[in-house]
Each structure stands twice: as C-alpha cells, then as structure tokens.
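[1] output the structure for:
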Amino acid sequence: MEHTRPRPTPSADMAGFGEYRLSVPRARRVFLAFWQSISPYLLFAAVGIVAAVLVAAKNLQTGPLPQKAQARTVLCGGLCFFPAALCANLGNWLLFAQVRALPLPLRFSAAGYTFYFGLLSYLLFFTGALFLMRIPRAPAWSAVAPALPLFHAIARIGCLAEGCCYGVTLPSPFLGGMLTRFPVRELEMAGLLLLFFLLQWKIRRHRLAWYLLLYAGLRFFLEFFRGDDRGVLLPFLPLSPSQQIAAAVFAAAGFYLLLSRNRHNKTTRDAYPAAKE
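    This is a model prediction of the structure:
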C-alpha cells in the first residue's frame, strides 16, 4: 500500500516525551509532539507543491498568456493538488479490501495514496478549471507539465522517510549489506528528475502528452520491482493497478502524439506543395 506508516501507540508517545517533561519548556514539548505527528510524506509533498507552483509561474512568464490569466493559472494549479490528493486516497479504498473493512473515519489514515489516482484527478480538475475561467489550455498545460515530475520527485523523498513504496527483497545484499531491497524509490526519483529536465529545457511541444507517455513507461517497468502490497484493480489482469493504469495512459498519450505528428505533417505538406513531389 502506498505512502502509509504505522502510528505509535499512545503509551509509546508518552514514553518518548517523558524525558522532556521536567527539562524542556512546555512550548517545546508541544512543538515536538506536533512535529512527530506530521507525516514526512505529506511534508515533502507540500514542499513539492511549492516547487511545482514556482516552476509553473516561471514558465508562464515566458508564455502568451496575459498577466491576469497567469496569476489565475498558478493559483488554480496549486489549489488543484488538494482535491487530487483526496482522490488519491479515496482511490485506494477501491484497491484494498482491508481498507474498506475499517470504520469510515479510519479509512483516510489507513488507505495511503496511489499517485495515478491523484494525477488523473488533477488532470480533470485543472482542465475543468481552465475551461470555466476561459483560459487557453495548451499554454497553461505547457507551463504546468514540467512541474508535475518535479513535485513527484520531491514527494518521493517523503516515501524514503516513511519507509513505504519499497522494492522487492534482493537475493543477496549489496554494498556490504547496506542494500537489501531493490532501490525502486531512488530509481523513480532519478527518472522523474530526468523527466523534469527534458520537459523543462528540451521538449517544447505537447509537453503534457510526453510527460504522460514517458512516466507511464517508467512506472510500468518499476512496478515489477515493488515489494509492498499493490492492491487489486482488475483481478483478471496479471498486473498491478498502477501498471494497468500506466498501460492505458501510455496507449492514449502515444496515440495522441502520433495523431498530432500526422496532423503536423499534413499541414506542412499543404503549406508547401512542392514537398509532395
């Protein structure tokens, strides 16, 4: 299950803070209790959102949108992360029967998050908001698309801190026993940072489609090396839920890029008839 961690019992909490009761001021004890209650994943996800918003704002400054539309796009893009995170949590209710068996208030903390549910929800929320605000979608998505893998890479640091999303156990330890599991989180972080670099500085057209295509291929491959519970989406397919979604996203994005390329080639031939000969 993605992005979950065991919560300490109240007695463990009290034991952890007992040594501070006499020597540490009350304000500091409260701060320490609050800090330990924060999920590292959510903390780094928040840092990732800030970084993504800054990158999107920078990209919009060099685009064709007027300044007022830029501000609305940045604000909307940042706010859409929050309902998307809720959908990433609710999606896991479908994948894990043990989550559905819990009382309703406990499901949110036990479910964790699946990235693809959040990503697809973000696409819908942000696209719908752009439509309602009458902001051209192409330049807005071109500015926002590179920020998505950056957000995801930073959020993966939280996975390392949480101890979730780990890889399969290796047949034999590497690096003197320091590496006992396949470094699936680290490889995904490296791939996401590379994808951010390509989208930000190399790829100029159809950035969103290229992001969906390239990340789907990366995620599909890395899912084979995940060691945590992946849940069940379509039980008749021998693939994890994220692999099933990644395969569909890869096909859709690839079809769109192929269609766009054919349309571009046709436009070029119509504009330059001599190229037909």
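[2] going forward, measure contacts and count neighbours with C-alpha atoms only.
    OK.
[3] what's the local residue count around G227?
    G227: 17 surrounding residues under other CA atoms under 10 Å.
[4] ok, now L214?
    Residues within reach of L214, counting by other CA under 10 Å, total 18.
[5] tell me the SS of it?
    Assigned with DSSP: H, G, I helix; E, B strand; the rest coil, L214 falls in the helix class.
[6] and it, how far is that from L160?
    23 Å (CA to CA, to the nearest Å).
[7] also R185?
    For R185, the distance to L160 - CA to CA - is 7 Å.
[8] look at these two and report which has more neighbours.
    For the pair R185 and L160, the greater number of neighbours falls to R185 (21 against 16), based on other CA under 10 Å.
[9] just the helices in the stretch 1-150 of the chain please.
    10-17, 26-37, 40-61, 67-79, 81-95, 97-100, 104-111, 115-132, 137-144, 147-162 (DSSP state H, counting those that start in this stretch).
[10] as JSON lines, these with mean pLDDT and distance to L259 would be great.
    As requested, the helices of the stretch 1-150 of the chain are arranged in JSON lines below (pLDDT from 0 to 100; distance: least, CA to CA, whole Å):
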{"stretch": "helix 10-17", "mean pLDDT": "38", "distance to L259": "57"}
{"stretch": "helix 26-37", "mean pLDDT": "62", "distance to L259": "49"}
{"stretch": "helix 40-61", "mean pLDDT": "95", "distance to L259": "26"}
{"stretch": "helix 67-79", "mean pLDDT": "96", "distance to L259": "27"}
{"stretch": "helix 81-95", "mean pLDDT": "95", "distance to L259": "29"}
{"stretch": "helix 97-100", "mean pLDDT": "94", "distance to L259": "40"}
{"stretch": "helix 104-111", "mean pLDDT": "89", "distance to L259": "38"}
{"stretch": "helix 115-132", "mean pLDDT": "97", "distance to L259": "20"}
{"stretch": "helix 137-144", "mean pLDDT": "96", "distance to L259": "16"}
{"stretch": "helix 147-162", "mean pLDDT": "95", "distance to L259": "24"}
